[in-house]
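Visitor: Sequence first, then the predicted structure:
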Amino acid sequence: MKVTLAYRIAATILHGFDEYRSRFQQITLNARRRFAEAAWRDAQQASAARINLYDEKVGDTLSRLRRSFDDEELTHCENWREAKQHYAELIDQRLDYELAETYFNSLFCSIFHHRHIRNDWMFVYSSRAHAARRSDIELTRRRSVEGDWRGALAWALGEAPLDTFFEDLERDTELGSDFLNAHLPEGLRDAPDARIELLRSVFYRNKGAYLVGRLSGADLQVPLVLPIVHGTPPNGQTGVRLDTVIIEPVEVSIIFSFTRAYFQVDAQVPGEFVGYLQKLMPEKPEGELYSAIGFFKHGKTEFFRALNHHVAKRQDRFIIAPGVRGMVMAVFVLPSYRTVFKIIKDRFDPSKEMSRENVREKYRLVKRHDRVGRMADTQEFSNFIARKDHFDPDCLAELLEVAPSTVELRGDKVLIKHCYTERMMMPLNLYLEQSDEQETWAILKDYGNAIKQMAAANIFPGDMLLKNFGVTRHGRVVFYDYDEICYLTECNFRKIPEPLYPEQEMMDEPWYSVGPNDIFPEEFGPFLFADIKLRRLFFELHPELFDAGYWQGLQKAIEEGQVIDVYPYRNKQRFNGSDQSVLTY
C-alpha cells in the first residue's frame, strides 16, 4: 500500500501524541511513590511539569512536521481532510481516542493559527459522537456491607494501593464507621443490600491521597470520598491516617473544584472515568471533570463543544458583565451560561504599569501553580468567532472601543483574537451589598481565609480589592483577577515607620521611602473597605493580615522549603480537627 502524504501527517501526529501520553502517564503513576515518601516539593514540581508537558510535546510534534513537510503541504486544507480520516482510523480502537483527537486539533490550530475551524479538517465534533463503546475494563472495586460498616471501611482502606502503612487502621475504621452511622440516610445505613464501591485508582493532590466512589443500597446512593493524609506515630516512622469522610455532594464537588490543582490519577479509560465521576457530581460540566484529572486541554475541547451547542439555541446574548469595570480586562458574559469571557484591553488605566505580555504571563503563572481552592482555573482561546447578532449592541460597541486590536467585526461575524474563560461567580463587592449580617460575617471570614491560603501557597494577589474576588455557588470566596499577582517571596512587607514629628503624618506624601515591591499591611483596611463597619469586622476576624510580621513569617516558612497543608474541607470535619497547623477552607 502506498503511504500518502496525508497518512504520514496523521502518523507523525499520533507518534507525538504517544510520546505525550507516555510521559504524562509516567509523571502520574509516580504520584503514588511521592505520596508514600512524603516528597511534597517533588509533587509540586511534578504537577507543574505535567501541565507544561502538553505544550512542550505539541511544540516537538510541530517541529517534526515542519522538518518532514514543506509549508505548502502543511497548509493545504485538503491534506488535513484526508489526514483526519486516516487519524480517525488509527485511533479507532484506542481507549483515549478523545484525547488523541484533541491533540490532532492542537497541531491543526498551530499550523493554521486557530483559523479554518471546520469539522472537515479537524475534530470539531468527536469521531465517536454516535458510537459509544465500552472497554470492559473494571474501573471499581466493590464490597457488600452486610451491616458491618467498620469492616467495610477496613476493607476500603486496607486494600487501597498506597505503598505505605496506616499508623492506626483500627482507630481510623472506628472513626469512619461512627461518622457513617451518624450521618448516612437511615434507609441506606440499614439497607440489607448496602455496598461500598471505590474507583481502583487513587487520586493524589498536594499532601493528600483520596479514595473516591459511592455508597448505595435500598435504591439510595451517596458519593464517598476518603481523604488519606500523613501522620507521625510514636515510633517516629511516617504512616498515614484517614483524615475524614465526605459523603455530601456539595462537599465532593468542592474537592473537585475548578479552583484547585489537577489530580494525579491513573485514568486508563478517560471517558469512562469521567462518566463515573459525573454520576457522583451530575452538576459538574464534563469538560471540568476532564480538567480535574489533568486533561485540561481536552477539558477545553469539551467546553468549546458545549458552548457552541448552547449558543446555537439563541436563548440570550452576550452582555458586559455586571460589576465594576476592570482597568486591564474587559469582561462579558452569556447570562444563561456559567462562564465569563475576558479580553485584555488595548490601553490600561495609568495606575497599571504593565504590558499585555505581562498580563498573559500572570495567567500562565496561575495555570502552573497550585490554586489551593482560591484561584479560578482559566481556558485560553485564540480567534474565537461568534455571530454579530449573538452580542448585545452595547456590549459589542464597548468591546470594539476598549480592545480594537483584539475584537474585530467581519461582516456578520465577530472575531475575538484572544480571550480567557473562567467560571462565572458573583463579584464579592456585589455580594456584600445584598448580604445580611450573618452572611456578611461568613463571607468576610472566608475572604480573609482565601488571602491566607493563597499566601501559604506563595501567592500574593497584589490587588486585593473586593471586586477582584468572586463568590461561588457554594458560598466560597475565590480570586479571579490576576494582572497584579506575584509570588509572596517577591514582596517586601514593611511596618510603617514612626513619624519623626507630628506634622509628618499630615503630609500628602509619605515621610518614608517606598520601594517598588514594598507592601505595608497596616494600610490594607482603608484600601479594601470604604465602609468602616466592614473594615472593623474584617480586622476583628483577621487581625494578623494587618501585621507585617505575619507575612514575613510566611515568607520565611516558604523559603525554608515548607509546603503548608491546605485541604479542601473544613477543619471541623477532620477527625484530628484540633490540629491548627493546616489550612482548610
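Guide: Structure received.

Visitor: what about stretch 425-438, start to end distance?
Guide: 20 Å (CA to CA, to the nearest Å).

Visitor: can you pull the buried residues of that stretch?
Guide: Within stretch 425-438, the residues that count as buried by 16 or more other CB atoms under 10 Å are 425-432, 435. C-betas here are computed from N, CA, C, even on glycine.

Visitor: cool, stretch 517-537 as well?
Guide: By 16+ other CB under 10 Å, the buried positions in stretch 517-537 come out as 519-521, 524-525, 528-529, 534-535, 537.

Visitor: Can you tell me which of the residues you listed lies closest to residue 10?
Guide: residue 519 (53.4 Å; CB to CB).

Visitor: my read: that closest one touches residue 493, true?
Guide: Yes: if you go by CB atoms under 8 Å, residue 519 and residue 493 touch, sitting 5.3 Å apart.

Visitor: Need the overlap of contacts for those two.
Guide: residue 551 (CB atoms under 8 Å, 6 or more residues apart in numbering).

Visitor: Identify the residue nearest residue 469 in space, chain neighbours excluded?
Guide: Nearest residue to residue 469, sequence neighbours excluded (CB to CB, 6 or more residues apart in numbering): residue 428, at 4.1 Å.

Visitor: Now do the same contact list for residue 535.
Guide: Neighbours of residue 535 in contact, by CB under 8 Å, 6+ apart: 525-526, 528-529.

Visitor: Tell me which of the residues you listed fall in helices.
Guide: Residues of the contacts of residue 535 located in helices (DSSP state H): 525-526, 528.

Visitor: okay if I get those residues as JSON lines plus pLDDT?
Guide: Listed next are the ones in helices among the contacts of residue 535 as JSON lines, based on pLDDT from 0 to 100:
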{"residue": "525", "pLDDT": "90"}
{"residue": "526", "pLDDT": "89"}
{"residue": "528", "pLDDT": "91"}
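
Visitor: and which of the residues you listed is nearest to residue 445?
Guide: Distance to residue 445 across the ones in helices among the contacts of residue 535 (CB to CB) is lowest for residue 528, with 14.5 Å.

Visitor: you'd agree that closest one is up against residue 538?
Guide: Yes: the criterion here is CB under 8 Å, and residue 528 meets it with residue 538 at 7.2 Å.

Visitor: how close does the residue positioned nearest the centre of the chain get to residue 548?
Guide: Closest to where the C-alpha atoms of the chain average out (CA atoms, centre = their mean) is residue 258, at 3.6 Å. In this view, residue 258 and residue 548 are 33 Å apart by CB to CB, to the nearest Å.

Visitor: just residue 137 next, same as before
Guide: 55 Å.

Visitor: do residue 462 as well
Guide: Relative to residue 548, and taking CB to CB, residue 462 is found at 17 Å.

Visitor: Same question for residue 211.
Guide: If you go by CB to CB, the gap between residue 211 and residue 548 works out to 42 Å.

Visitor: So for the two, which sits in the more crowded spot?
Guide: residue 211 (24 against 16; other CB atoms under 10 Å).

Visitor: Dig out what the more buried one forms beta bridges with.
Guide: For residue 211, the beta-bridge partners are residue 226 (DSSP bridges).

Visitor: contacting residues around it?
Guide: Neighbours of residue 211 in contact, by CB under 8 Å, 6+ apart: 156-157, 160, 198-199, 202-203, 224-226, 228.

Visitor: picking up where we left off before, reformat the buried residues of stretch 425-438 as JSON lines; add pLDDT, distance to residue 370 and secondary structure.
Guide: Conversion of these to JSON lines gives the following (pLDDT from 0 to 100; distance: CB to CB, whole Å; DSSP: H, G, I helix; E, B strand; the rest coil):
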{"residue": "425", "pLDDT": "93", "distance to residue 370": "20", "secondary structure": "coil"}
{"residue": "426", "pLDDT": "93", "distance to residue 370": "25", "secondary structure": "strand"}
{"residue": "427", "pLDDT": "94", "distance to residue 370": "24", "secondary structure": "strand"}
{"residue": "428", "pLDDT": "95", "distance to residue 370": "22", "secondary structure": "helix"}
{"residue": "429", "pLDDT": "94", "distance to residue 370": "27", "secondary structure": "helix"}
{"residue": "430", "pLDDT": "94", "distance to residue 370": "28", "secondary structure": "helix"}
{"residue": "431", "pLDDT": "95", "distance to residue 370": "25", "secondary structure": "helix"}
{"residue": "432", "pLDDT": "96", "distance to residue 370": "28", "secondary structure": "helix"}
{"residue": "435", "pLDDT": "94", "distance to residue 370": "29", "secondary structure": "coil"}
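
Visitor: Show me which of these is closest to residue 253.
Guide: Closest to residue 253, out of all of the buried residues of stretch 425-438 and judged by CB to CB, is residue 425, at 14.5 Å.

Visitor: Could you pull up phi and psi at residue 209?
Guide: Dihedral pair for residue 209: phi -120, psi 140, per degrees, to the nearest 10.

Visitor: Residue 162 is in contact with that one, correct?
Guide: Yes: under the criterion of CB under 8 Å, residue 209 makes contact with residue 162 at 6.2 Å.

Visitor: Now for these two: what residues contact both?
Guide: Common neighbours of residue 209 and residue 162 (CB under 8 Å, 6+ apart) are 35, 202, 228, 240.

Visitor: Switch the residues you listed over to TSV; also include secondary structure and neighbour count.
Guide: Output for the shared contacts of residue 209 and residue 162, formatted as TSV (DSSP: H, G, I helix; E, B strand; the rest coil; neighbours: other CB atoms under 10 Å):
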residue	secondary structure	neighbour count
35	helix	26
202	coil	23
228	strand	23
240	strand	24
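
Visitor: Check the residues you listed and tell me the two furthest apart.
Guide: Longest span within the shared contacts of residue 209 and residue 162, CB to CB: 202 and 240, 11.3 Å.

Visitor: what sits in contact with each of these two?
Guide: Counting by CB under 8 Å, 6+ apart, the residues touching both residue 202 and residue 240 are 162, 209.
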